[in-house]
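> predicted structure and sequence below. I'll ask about it afterward.
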Amino acid sequence: MVGAAQPRVAMEANPAKLEVRGLSVFYGKTAALREVNLRIRENEIFGIIGPSNAGKTSFLKAINRMDDFTAGMKVEGQVLFDGKDVRQWRNVYALRRRIGVVFPLPVGLPLSIYENVAFAPKLSGIKRKSELDGIVEWCLARAALWDEVKDRLHSLGSLLSGGQQQRLTIARALSQDPEVLMLDEFSIAVDPVTTMRIEDVLKELRREMTIILVTNLVQQARRLADRTAFFLDGSCVEVGETKDLFSGNARSTRTADFISGRFG
Amino acid sequence: MFQATKRDVRNKNVEFLWRLLFLTMTVLLVLPVLIILATLIVKGGPAISLGFLFLEPTNGMTEGGIFPALVGTLWLVAVALLISVPLGVAAALYLSEYAPDNWLTRVINLAIINLAGVPSIVHALFGVGAFVLFFGFGTSILAASLTLAVMTLPVVIVTTRESLLAVPRAFREACWSMGATRWQTIRRVVLPNAVSGILTGVILEVSRTAGETAPIMLTGAVFFLPFLPQGIFDQTMALSLHLFVISTQVPNVPEHLPYGVALVLIAMVLMLNAASIGFRVYLRGRKKW
């Protein structure tokens, strides 16, 4: 297993997949996120840690333009996806198809396991059964769920255990063939064993896509993330190489305090 | 040792009294329904026969059957449903899935609530003005059904909106994040899970539509017609109006006739309701969360 602490020199050369400039998010008059600037590189796992109400989820929502569909949510600043401002995408649906999302609590759509994973491919117009079958098997296998569900693909997704459901949502996110995968505290409702299995999956996926990992477990960021950002009270306090942050080289004392568990 | 304090005893007694009160109220509510049904069955039962159901009224409506009225009511309910369900569901979808929360939406919501409070005779006058005269449908099934549809729209809209709201928002967000449009989300996830609630609205509407008298007697239902309506531009008899007519307007009607008509009307509504409830149970059995 390759630890995140191992230096990855080639990483530095990777171009920015996402660049966030002066990003602020408001709900009504309340600011949930203020003036965040950071770059997320292609094929890295970018960890975001911080206590609740730090603006982590709002950050993710701004990236795939959920504010378009959320009453009262307003976004200022820029999010550049492959160098192009996401606000400039005329078709927000095409943008969202390229960004997979995994929510904190597993959201199994009230459909069968098969239909959960075939949902996004069907939306993009794939109709042939053989093709859909292939995608479903591939995605479930990537999410380390295939062996457990291959004999009951047509039973309800919501009958699965919590950990299985969360892997189902990962399979579903993969079925979009995303360039960016955003995970929002995926391990909150998942047992430790499943968490480790999903972490292994993420290490594999890094080769193919950029991963933003918002996590409630500081040690998870340490295990997985190439670089980590620390959010606090709606601001990004610090972004740095994960190994630096965790080896006591955090620039901010608040970051160091949070990482060492003195608050949060 | 456990020892119940005075306060404990009092709490328990008060609890018992409240429970008794609520139970009494519930029983009192059911009682009128049972009495009505029993009276109708006892007094109207003898009137029911195949001839009563499938023949037209004869001898100045003091003899014969009610077939034209029965068919007429079915026409009115069916046409009214065809108009109000698509319209009401579409409006509810717009209001709960698309509409931004601004003053226009709030005005529309207020208008819907007020529409529900308009007395049916006022709806009737509106129907005469709008559908019979202005649109030139004349007194016809179409005009009467349109009037009924307008009258019952608020029920459909409100119950549909409630059942849409009952579908968790997380489902929508999961769909949206996969690049689904609002319509794709509604079509594949929201509507299938709201159908049983929407049907509840339709059930309520059927009951009300079949029983209303005032809105239809000015817009399309008539006193007596010896033949069946052939289309939506014909006038028709209707059970509710027929009941009103033979109980108040026609002399020398044998007593069992109006009771028979009432019994048929109620049985029809109950059967339609039973069908929808059966369908709902079937759908709920397939509910996925």
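Everything's here; your move. Given the structure is predicted, the values throughout are model-derived calculations rather than measurements. Numbering: from 1, shown residues only, chains lettered A, B, ... in the order given.

> so what's residue B:94 scoring on pLDDT?
The model reports residue B:94 with a pLDDT of 94.

> doesn't it fall inside a helix?
Yes - Residue B:94 sits within a helix when classified using DSSP: H, G, I helix; E, B strand; the rest coil.

> distance-wise, check it relative to chain A.
According to C-beta to the nearest C-beta, to the nearest Å, residue B:94 and chain A sit 15 Å apart. Glycine gets a C-beta too; all of them are placed from N, C-alpha and C.

> can you report phi and psi for residue A:48?
phi -130, psi 120 (degrees, to the nearest 10).

> now do the SS call for the closest residue to chain A within the stretch 101-250 of chain B.
Taking C-beta to the nearest C-beta, chain A has its nearest neighbour within the stretch 101-250 of chain B at residue B:179, 3.5 Å off. With three-state DSSP as the basis, residue B:179 sits in coil.

> show me the contacts for it.
By C-beta atoms under 8 Å, 6 or more residues apart in numbering or on different chains, the contact list for residue B:179 reads A:93, A:94, A:95, A:96, A:97, A:120, A:123, A:124, A:176.

> skipping adjacent residues, who's closest to it in space?
residue A:97 (3.5 Å; C-beta to C-beta, 6 or more residues apart in numbering or on different chains).

> phi, psi for that neighbour please.
Backbone dihedrals for residue A:97, given as degrees, to the nearest 10, come out at phi -60, psi -30.

> and the most centrally placed residue in chain B, which helix or strand is it part of?
Against the mean C-alpha coordinate of chain B, by C-alpha atoms, centre = their mean, the closest residue is residue B:205 at 2.1 Å. According to DSSP states H and E, residue B:205 maps onto helix B:191-211.

> after that helix, which helix or strand is next? Please name it.
helix B:214-217.

> around chain A, pick out the residues from chain B.
Residues of chain B found near chain A (C-beta under 8 Å from any C-beta of the partner chain) are B:100-101, B:170-182, B:184, B:188-189, B:192-193, B:287-289.

> for PyMOL, what selects the buried ones among these?
To isolate the buried members of those in PyMOL, using 16 or more other C-beta atoms under 10 Å in any protein chain shown:
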select buried, chain B and resi 171+172+173+174+175+176+177+178+179+180+182+184+188+189+192+193+288
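
> before we move on, back to that, so who does the residue nearest to the centre of chain B touch?
Contacts of residue B:205 by C-beta under 8 Å, 6+ apart are B:80, B:81, B:84, B:85, B:152, B:155, B:156.

> count of neighbours near the nearest residue to residue A:171 once chain neighbours are set aside?
Leaving aside its sequence neighbours, residue A:171 sits nearest to residue A:143 (C-beta to C-beta, 6+ apart; 3.8 Å). By the criterion of other C-beta atoms under 10 Å in any protein chain shown, residue A:143 has 25 neighbours.

> now residue A:143: how far from residue A:113?
Separation of residue A:143 from residue A:113 (C-beta to C-beta, to the nearest Å): 11 Å.

> quick revisit: so what's the residue nearest to residue B:179 scoring on pLDDT?
92.

> isn't it right up against residue A:179?
No - with contact defined as C-beta atoms under 8 Å, residue A:97 does not count as touching residue A:179 (9.6 Å).

> comparing those two, which residue is more hemmed in?
Neighbour totals were compared for residue A:97 and residue A:179, and residue A:97 leads with 21 against 18 (other C-beta under 10 Å).

> residues contacting the more buried one?
A:120, A:123, A:124, A:176, A:178, B:178, B:179.

> which SS class is residue B:227?
Residue B:227 - assigned by three-state DSSP - is coil.

> pLDDT score for the closest residue to chain B within the stretch 51-200 of chain A?
Closest approach of the stretch 51-200 of chain A to chain B (C-beta to the nearest C-beta) occurs at residue A:110, with a separation of 3.0 Å. Looking at residue A:110, its pLDDT stands at 88.

> how far off centre is the longest helix seen in chain B?
As assigned by DSSP state H, the longest helix anywhere in chain B is helix B:6-44. Remark: helix B:6-44 is offset 26 Å from the chain centroid, using C-alpha atoms, centre = their mean, to the nearest Å.

> then stretch B:148-158?
How far stretch B:148-158 lies from its chain's middle: 9 Å, per C-alpha atoms, centre = their mean.

> quick one: contacts of it?
B:76-77, B:80-81, B:83-85, B:87-89, B:91-92, B:95, B:112-113, B:115-116, B:118, B:120, B:123, B:126-127, B:198, B:201-202, B:204-205, B:208-209, B:212, B:215-216.

> quick one, strands of chain A?
Assigned strands in chain A, in chain order: A:16-27, A:30-41, A:45-49, A:73-81, A:84-85, A:99-102, A:180-184, A:210-214, A:227-232, A:235-241 (criterion: DSSP state E).

> need the ones you listed in JSON lines (columns: mean neighbour count and distance to chain B).
As requested, the strands of chain A are arranged in JSON lines below (neighbours: other C-beta atoms under 10 Å in any protein chain shown; distance: least, C-beta to the nearest C-beta, whole Å):
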{"stretch": "strand A:16-27", "mean neighbour count": "18", "distance to chain B": "13"}
{"stretch": "strand A:30-41", "mean neighbour count": "18", "distance to chain B": "16"}
{"stretch": "strand A:45-49", "mean neighbour count": "27", "distance to chain B": "17"}
{"stretch": "strand A:73-81", "mean neighbour count": "18", "distance to chain B": "12"}
{"stretch": "strand A:84-85", "mean neighbour count": "12", "distance to chain B": "17"}
{"stretch": "strand A:99-102", "mean neighbour count": "26", "distance to chain B": "4"}
{"stretch": "strand A:180-184", "mean neighbour count": "24", "distance to chain B": "9"}
{"stretch": "strand A:210-214", "mean neighbour count": "24", "distance to chain B": "13"}
{"stretch": "strand A:227-232", "mean neighbour count": "25", "distance to chain B": "21"}
{"stretch": "strand A:235-241", "mean neighbour count": "19", "distance to chain B": "23"}
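
> for residue B:23, find the nearest of these.
strand A:16-27 (46.2 Å; C-beta to C-beta).
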